[in-house]
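Chemist: Predicted model follows, preceded by the sequence.
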Amino acid sequence: MSSESSFDIVSKFDLQEMTNAITQAEKEIETRFDFKGSKSSLKLEKDALVVVSDDEYKLNSVLDILQSKMVKRGLSLKNVDYGKVEPASLGSVRQKITLKQGIDQDNAKKINVLIRDSKLKVKSQIQGDQIRVTGKSKNDLQEIMQMLRKAELKLDLQFMNFK
């Protein structure tokens, strides 16, 4: 058994669950009385979601339905970045929602600083869009996980490959 233990910090967005949430939201929009005759739609692109509706009020209602479906499916709203509402064709409005995958450099640096400031005997290094944390004590690694769960970060973190 190796003397060093490690785990990876990642931020992933489950696109299959997102597809399921979108499908459920579309079904609810089709059956709701207040959306009768509305041209509201949700369209998933590569790493973004485009929401189109008649006006801003209905757009906000569509977003509310989508968010409730996402929460029910265990998807974090922290990994969603809302663009500005812009006018679209035939008097409708559109909003682009970016789905964040991976840990960007700014957040990775913040996480590294948090780990360093914890004064625990662990090392962290950025590896692309994830961070590997290593240390001799598994208890120290678990303390790092607890500390990061409590930290006010603008993205949802998962901890993988705990060895």
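Modeler: Thanks, I have it.
Chemist: my guess is residue 41 meets residue 58, correct?
Modeler: No. Using C-beta atoms under 8 Å, residue 41 is not in contact with residue 58, being 11.1 Å away. All C-beta spots, glycine's among them, are computed from the backbone N, C-alpha and C.
Chemist: who's more crowded, the two?
Modeler: residue 58 (20 against 15; other C-beta atoms under 10 Å).
Chemist: got a list of what the closest residue to residue 115 other than its chain neighbours touches?
Modeler: Spatial nearest neighbour of residue 115, chain neighbours left out: residue 124 (4.6 Å); criterion: C-beta to C-beta, 6 or more residues apart in numbering. Contact partners of residue 124, counting by C-beta atoms under 8 Å, 6 or more residues apart in numbering, are 111, 112, 115, 116, 131, 132, 133, 134.
Chemist: which SS class is the first one?
Modeler: Going back to what we said before, that points to residue 111. helix (DSSP: H, G, I helix; E, B strand; the rest coil).
Chemist: What of the fourth one?
Modeler: At residue 116 the chain is in helix, as set by three-state DSSP.
Chemist: since we're on it, how many residues are nearby?
Modeler: Residues within reach of residue 116, counting by other C-beta under 10 Å, total 12.
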